[in-house]
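In: take this sequence and fold it.
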Amino acid sequence: MDDKLALPVGTTLDRFIMRKQEEFPFATGELSQLLRDIALATKIVNREINRAGLIGVTGNYGQQNVQGEEQQKLDVIANIRFIRALRNGGEVCTIISEEEDEVIQTGNAKGKYIVAMDPLDGSSNIDVNVAIGTIFSIYRRMSEVEGDGTLEDCLQSGAKQVAAGYIIYGSSTMLVYTTGCGVNGFTYEPSLGEFFLSHPMIRTPKEGNLYSCNEGNINSFPDGIKAYIHYCQEKNYSGRYIGSLVADFHRNLLKGGVYLYPPTAKSPDGKLRLVYECNALAMIIEQAGGKATDGSERILDKTPTSLHQRCPLVIGSPDMVDKVEEFLAKEAVAV
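Out: Sure thing, here's the model as predicted:
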């Protein structure tokens with residue numbers, strides 16, 4: 001029989017999760033089921049995004065979220081879809097979302113996990129067909145496994161994440177995640193309705209020639225960041241900034257680069273959210289051999305004090321992050 005007539009399609013996400021679970025003799029399967037729930041919600045949101053222009057769900061929703069940002073219709077849809085999937089799955093007791101003021105109790109009293117998420121990052125780019133994404137973090141609850149999760153369960157440091165990931169909706173849809181044993185990427189095959197392993201054990205290059213930041217804000221950047229950007233320009237690095245965090249991060253993860261969102265005069269604490277965005281991406285980049293700091297302190301060592309706390313972010317290839325910190329340290333000494 002000629003096997004070339006029917007080449008294998010690869011390893012599905014479900015099969016990959018099952019095999020990884022079998023490597024841990026005391027695993028109960030709950031985290032595996034939670035990851036499957038996220039994958040299911042991803043497929044539904046992917047469908048909504050792909051037909052958004054045809055069914056009239058692009059544009060503003062007409063309300064602001066707790067961040068003071070204009071909600072897009074797809075922000076609301078993605079938020080509902082992920083909350084519904086996580087609630088119905090039964091493994092999560094509490095959800096916190098960038099789109100919600102307060103914690104969301106699922107009613108799953110015996111759920112062992114907390115999920116923090118940005119349901120649709122970069123949603124303002126939907127109308128112009130630019131890549132957008134979802135970011136998620138998974139924590140074990142610290143409170144007694146009976147009843148609702150607590151605020152303390154939700155305000156754990158990023159170092160206590162048991163899993164983190166993101167989904168990028170672009171020319172293809174990819175789910176990238178880690179459970180602390182490396183980073184793996186899965187590409188969605190819509191005709192089969194399955195995610196297939198396409199990027200096993202991702203490692204980010206130690207050095208790159210890409211830097212990503214909104215240079216329109218350069219006059220408000222700290223002097224150390226200004227000096228670093230000037231250094232990049234002298235080295236003929238390429239400036240690449242999409243404006244969707246997931247898309248910028250994903251490109252730099254694979255190709256090598258650094259993403260910068262420093263404090264500015266308008267946002268002295270930075271703009272990105274520690275709990276919903278920075279922690280998840282920091283876990284992923286570290287598992288892929290990179291680094292993530294706020295300019296001086298490791299992101300995963302920071303303990304949040306509020307659900308919507310903001311944080312500066314320098315993340316990417318380790319040598320490039322080190323160089324940014326070097327410039328910031330020099331400016332601090334000079335002051």
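In: C-alpha only now, for contacts and for neighbours.
Out: Noted.
In: give me the number of residues near the nearest residue to residue 258 once chain neighbours are set aside?
Out: Distances taken as CA to CA, 6 or more residues apart in numbering put residue 316 closest to residue 258, at 4.4 Å, once the chain neighbours are dropped. Close neighbours of residue 316, defined as other CA atoms under 10 Å, add up to 37.
In: partners of residue 316 in the sheet?
Out: When assigned by DSSP bridges, residue 316 has beta-bridge partners residue 258, residue 291.
In: I'd say it and residue 251 touch.
Out: No: using CA atoms under 8 Å, residue 316 is not in contact with residue 251, being 10.1 Å away.
In: list the contacts of residue 239.
Out: Residue 239 makes contacts with 210, 211, 212, 213, as judged by CA atoms under 8 Å, 6 or more residues apart in numbering.
In: so how far is the particular helix or strand that has residue 326 in it off the chain centroid?
Out: According to DSSP states H and E, residue 326 maps onto helix 318-334. Its chain's average C-alpha position is 25 Å from that of helix 318-334, according to CA atoms, centre = their mean, to the nearest Å.
In: contacts for it?
Out: So helix 318-334 is contacted by 206-208, 223-225, 227-228, 257-258, 289-293, 295-296, 314-315 (CA under 8 Å, 6+ apart).
In: hmm, try it at 6 Å
Out: Helix 318-334 has contacts (CA atoms under 6 Å, 6 or more residues apart in numbering) with 206, 207, 224, 290, 291, 295.
In: same thing with stretch 186-203?
Out: By CA under 6 Å, 6+ apart, the list of residues contacting stretch 186-203 from outside reads 11, 12, 13, 173, 174, 175, 182, 183, 184, 185, 288, 289.
In: report the central residue of the protein.
Out: residue 135 (3.2 Å; CA atoms, centre = their mean).
In: isn't there a helix covering that residue?
Out: No: counting by DSSP: H, G, I helix; E, B strand; the rest coil, residue 135 is not part of a helix but strand.
In: test my guess that it contacts residue 118.
Out: Yes: here residue 135 reaches residue 118: they are 5.1 Å apart, a contact under CA atoms under 6 Å.
In: on that earlier part again, buried ones in the helix holding residue 326?
Out: Residues of helix 318-334 classed as buried: 318, 319, 320, 321, 322, 324, 325, 326, 327, 328 (neighbour count, 16 or more other CA atoms under 10 Å).
In: and for stretch 23-43?
Out: Within stretch 23-43, the residues scored as buried using 16+ other CA under 10 Å are 30-43.
In: tell me the mean pLDDT over that stretch?
Out: On average, the pLDDT along stretch 23-43 is 87.
In: distance of residue 252 from residue 241?
Out: 10 Å (CA to CA, to the nearest Å).
In: apologies, that question was intended for residue 278.
Out: Relative to residue 241, and taking CA to CA, residue 278 is found at 17 Å.
In: which of those two has more residues huddled nearby?
Out: A count of neighbours by other CA under 10 Å puts residue 278 above the other of residue 278 and residue 241, at 25 against 18.
In: touching stretch 130-139 from outside, list them.
Out: With contact meaning CA under 6 Å, 6+ apart, stretch 130-139 is reached by 113-122, 161-170, 244, 246, 280.
In: just the ones of those in strands?
Out: Of the contacts of stretch 130-139, the ones assigned to strands by DSSP state E are 113-121, 161-169.
In: ok, which stretches of the stretch 151-300 of the chain are strands?
Out: Counting by DSSP state E, counting those that start in this stretch, the stretch 151-300 of the chain has these strands, from start to end: 161-169, 173-178, 183-189, 194-199, 210-212, 238-239, 258-261, 272-273, 291-293.
In: now the ones you listed in JSON lines, with distance to residue 126?
Out: Below are the strands of the stretch 151-300 of the chain laid out as JSON lines (distance: least, CA to CA, whole Å):
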{"stretch": "strand 161-169", "distance to residue 126": "10"}
{"stretch": "strand 173-178", "distance to residue 126": "14"}
{"stretch": "strand 183-189", "distance to residue 126": "19"}
{"stretch": "strand 194-199", "distance to residue 126": "23"}
{"stretch": "strand 210-212", "distance to residue 126": "20"}
{"stretch": "strand 238-239", "distance to residue 126": "22"}
{"stretch": "strand 258-261", "distance to residue 126": "21"}
{"stretch": "strand 272-273", "distance to residue 126": "19"}
{"stretch": "strand 291-293", "distance to residue 126": "27"}
